[in-house]
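Peer 1: I need the structure of the sequence given here:
(one chain, ligands or ions: 2)
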Amino acid sequence: MQALHLKTGLDLPLQGVPEADRETLSPPARVALSPARIPFIKPRLKVGIGDRVAIGSPLCEDKSDPRLRFCAPGSGEVVNIRYGPRRVIEAIVIELDADEAAVDFGARSHEQIAEMGRDALVTHLLAGGLWPLIKSLPFRTIASPEETPPAIYVGLGGLEPFQARPEVYLQDKLDRFKLGMRLLEQLAPEVRLGLPMERGETLTALADLADFEFRGPYPSDDPGVHLFHLKRAPAENRSWFIHGQDLLLLAEFWRTGRYPIQRLVALGGDRVRRPLYLDTRVGVPLSHLVKGRLRSQGEVRYVVGGVLTGYRDRADGFLGWEQTAVTVLPAGKEKEFLGFVRPGMHKHSFSRSFLSALRVAPLSMNCNLHGEVRPCVACSNCARVCPVGILPQLTFKSALAGEVEESLAHGLLDCVECGLCTYVCPSKIELSRFLTAAKRTYHKEQTA
Ligand code: SF4
Ligand code: SF4
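Peer 2: Ligands and ions are numbered 1, 2, ... in the order given. Below is the predicted model:
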């Protein structure tokens, strides 16, 4: 097995990371689909308030490609369609029935995978609303059903602080994962799975499916990082990828013929009393997810998805379609008296300018920026953590100046959107967000 020893990146030792503790969450009264949180689509509604839907009925589709549909995560009545600024559809809310009905897409046996053929498989995944889980590099867009990529990378994740670890979500699901791998083999000539070198029994059981192993700090588990280090030709830049938890959903849909709504969510962060994993369902209200689980003091912030790559949501938001982590952090709005002369025993510091550099215990994270946005001071912190060796500060400056060719030459398209450059920047420049936006603009221009 090929070995990748990755040196660049950063591990953050933080308090409030969920351990293996696991519970089943009580059923919610309502669930919702949040189209505004699905990147790259322009949603068109397929339902109105008062309509009745079953699990798997289409709620909306992409205006540019109506084959990309997004399905109801519950059965009941559509009671609210919440709009945000510029009329973006924030949430399609369903009041759940006591006995939920589900659309039957037809269960398939393991043996049928090869017989079905690629086209029928793609049509089946599109009909069931599962196709958008497969993404295409380098833009991380939804894969095009017409294309055959050079390879599909499977990312198990788990290194970003507060994300679900593969040993937990794969427990008792290895057969389903292997079925998912067989499905992917129908879609591309090569399926590439990487396993961490330090792995327990669960991941070792997948060794016969893996073709490389890796070691390194966050984000060395990212499919984009794997592609960057393993590609043999530029054509491979158009490879696809899928996350491990999403692959389980594809297999579940194949096996049962029903739209899979179950999710394992990692609930963590400094404000959570007992960080743990919750067996729940997609679209669950965040207020239901955290009810009775937060420490009482101070204002909090909800981050859905990873703490470096996710998005901020309100307390009345819902678990996103693709998200499996919710982190609750102190809002950190308090001003620290004479903060600039304090030794910073409890503050993170990549540059080791605080005393916390001597501490081995995990640190508490909050949302305080400890200062305002300032001009770049050319410290190169961002370049020292970038896992794909680009110079984020120069890429940022050329993209800001509209020098597209120059930012591409600096490696804009290799950016894996990991968020580390923003995290370590002492000038508080949102490099990662800006570079992600620049990539999307470039993609839009290319596809226009
Ligand atoms: S430039 Fe991209 S890949 Fe590099 S650290 Fe920033 S977000 Fe991560
Ligand atoms: S980390 Fe921030 S201040 Fe330092 S070089 Fe990068 S952009 Fe400039």
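Peer 1: Check what contacts the host helix or strand of Arg82 and list those residues.
Peer 2: Using DSSP states H and E, Arg82 sits in strand 76-83. Strand 76-83 is contacted by residues 30, 45, 47-53, 59, 89-97, 100 when judged by Cβ atoms under 8 Å, 6 or more residues apart in numbering. The C-beta positions use only the backbone N, C-alpha and C, and glycine is treated the same way.
Peer 1: Which ones among the residues you listed map onto strands?
Peer 2: The strands, defined by DSSP state E, take in 30, 45, 52-53, 59, 89-96 from the contacts of strand 76-83.
Peer 1: following the lowest-mean-pLDDT helix or strand in the chain, which helix or strand shows up next?
Peer 2: Counting by mean pLDDT, DSSP states H and E, the weakest-scoring helix or strand in the chain turns out to be helix 112-116, with a mean of 84. Sequence order places helix 118-127 as the next helix or strand after helix 112-116, per DSSP H and E.
Peer 1: Mind listing the strands the helix or strand following that next one pairs with, and their directions?
Peer 2: Once the chain leaves helix 118-127, the next helix or strand it forms, by DSSP H and E, is strand 135-136. Applying DSSP bridges, strand 135-136 is found paired with strand 141-142 (antiparallel), strand 240-243 (antiparallel).
Peer 1: Among the ones you listed, show me which one is buried the most.
Peer 2: strand 240-243 (a mean of 24; mean count of other Cβ atoms under 10 Å).
Peer 1: Looking at that strand now, give me its mean pLDDT.
Peer 2: For strand 240-243, the mean pLDDT works out to 98.
Peer 1: Just after that strand, pick out the following helix or strand.
Peer 2: Heading C-terminal from strand 240-243 (DSSP H and E), you reach helix 244-256.
Peer 1: Using CSV, list the CA coordinates for that following helix.
Peer 2: Presented in CSV, the C-alpha positions along helix 244-256 are these (Å, rounded to 0.1, in the frame of the first residue of the first chain):
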residue,chain,number,x,y,z
GLY,A,244,-17.5,8.3,4.0
GLN,A,245,-20.8,9.1,5.8
ASP,A,246,-22.4,10.0,2.5
LEU,A,247,-21.2,6.8,0.9
LEU,A,248,-23.2,5.0,3.6
LEU,A,249,-26.3,6.9,2.6
LEU,A,250,-25.9,5.8,-1.1
ALA,A,251,-25.6,2.2,0.1
GLU,A,252,-28.5,2.5,2.4
PHE,A,253,-30.7,3.9,-0.4
TRP,A,254,-29.6,1.1,-2.7
ARG,A,255,-30.3,-1.6,-0.1
THR,A,256,-33.7,-0.4,1.1
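Peer 1: Which residues does that helix contact?
Peer 2: Against helix 244-256 from outside (Cβ under 8 Å, 6+ apart): 105, 107-108, 113, 124-125, 128, 130, 133-134, 154-157, 164, 166, 169-170, 173, 176-177, 179-181, 183-184, 242, 258-260, 262-264, 322, 324.
Peer 1: quick one, strands of the stretch 101-250 of the chain?
Peer 2: Using DSSP state E, counting those that start in this stretch, the strands of the stretch 101-250 of the chain run over 135-136, 141-142, 152-155, 191-196, 212-215, 240-243.
Peer 1: Make TSV from those and add distance to Ala251 to it.
Peer 2: Listed next are those as TSV, based on distance: least, Cβ to Cβ, whole Å:
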stretch	distance to Ala251
strand 135-136	17
strand 141-142	19
strand 152-155	12
strand 191-196	13
strand 212-215	22
strand 240-243	11
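Peer 1: Make CSV from the strands paired with strand 135-136 and add distance to His226 to it.
Peer 2: Below are these laid out as CSV (distance: least, Cβ to Cβ, whole Å):
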stretch, distance to His226
strand 141-142, 18
strand 240-243, 9
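Peer 1: So for the closest residue to ligand 2 within the stretch 201-350 of the chain, what's the nearest residue that isn't a sequence neighbour?
Peer 2: Checking the stretch 201-350 of the chain residue by residue against ligand 2 with Cβ to the nearest ligand atom singles out Phe350 as nearest, at 8.8 Å. Excluding the flanking residues, the one nearest Phe350 by Cβ to Cβ, 6 or more residues apart in numbering is Val424, at 4.1 Å.
Peer 1: Could you report the neighbour count for that neighbour?
Peer 2: 22 (other Cβ atoms under 10 Å).
Peer 1: Ala32 now?
Peer 2: Ala32 has 29 nearby residues by other Cβ under 10 Å.
Peer 1: Doesn't it lie inside a helix?
Peer 2: No - under DSSP: H, G, I helix; E, B strand; the rest coil, Ala32 sits outside any helix and is assigned strand.
Peer 1: Can you spell out which residues form a bridge with it?
Peer 2: According to DSSP bridges, beta-bridge pairing links Ala32 with Val93.
Peer 1: pLDDT at it, what is it?
Peer 2: 98.
Peer 1: what's next to the longest helix seen in the chain, contact-wise?
Peer 2: Ranked by residue count under DSSP state H, the longest helix found in the chain is helix 431-447. With contact meaning Cβ under 8 Å, 6+ apart, helix 431-447 is reached by 39-40, 138-139, 141, 308, 382, 392-393, 395-396, 399-400, 404, 407-408, 412-413, 415, 417-422, 425.
Peer 1: redo that, cut-off 6 Å
Peer 2: Phe139, Cys382, Pro392, Phe396, Ala399, Cys415, Glu417, Gly419, Cys421, Thr422 (Cβ atoms under 6 Å, 6 or more residues apart in numbering).
Peer 1: Quickly note the distance from the fifth one to Arg433.
Peer 2: Distance, Ala399 to Arg433, by Cβ to Cβ, to the nearest Å: 12 Å.
Peer 1: So which of those two has more stuff around it?
Peer 2: Ranked by neighbour count (other Cβ under 10 Å), Ala399 and Arg433 place Ala399 first, with 23 against 12.
Peer 1: sec struct for the more buried one, please.
Peer 2: helix.
Peer 1: Could you double-check that it sits in contact with Ser407?
Peer 2: Yes - contact status for Ala399 versus Ser407: in contact at 4.2 Å, counting by Cβ atoms under 6 Å.
Peer 1: what sits against the residue nearest to Phe350?
Peer 2: With Cβ under 6 Å, 6+ apart, Val424 has these contacts: Phe350, Asn381, Val385.
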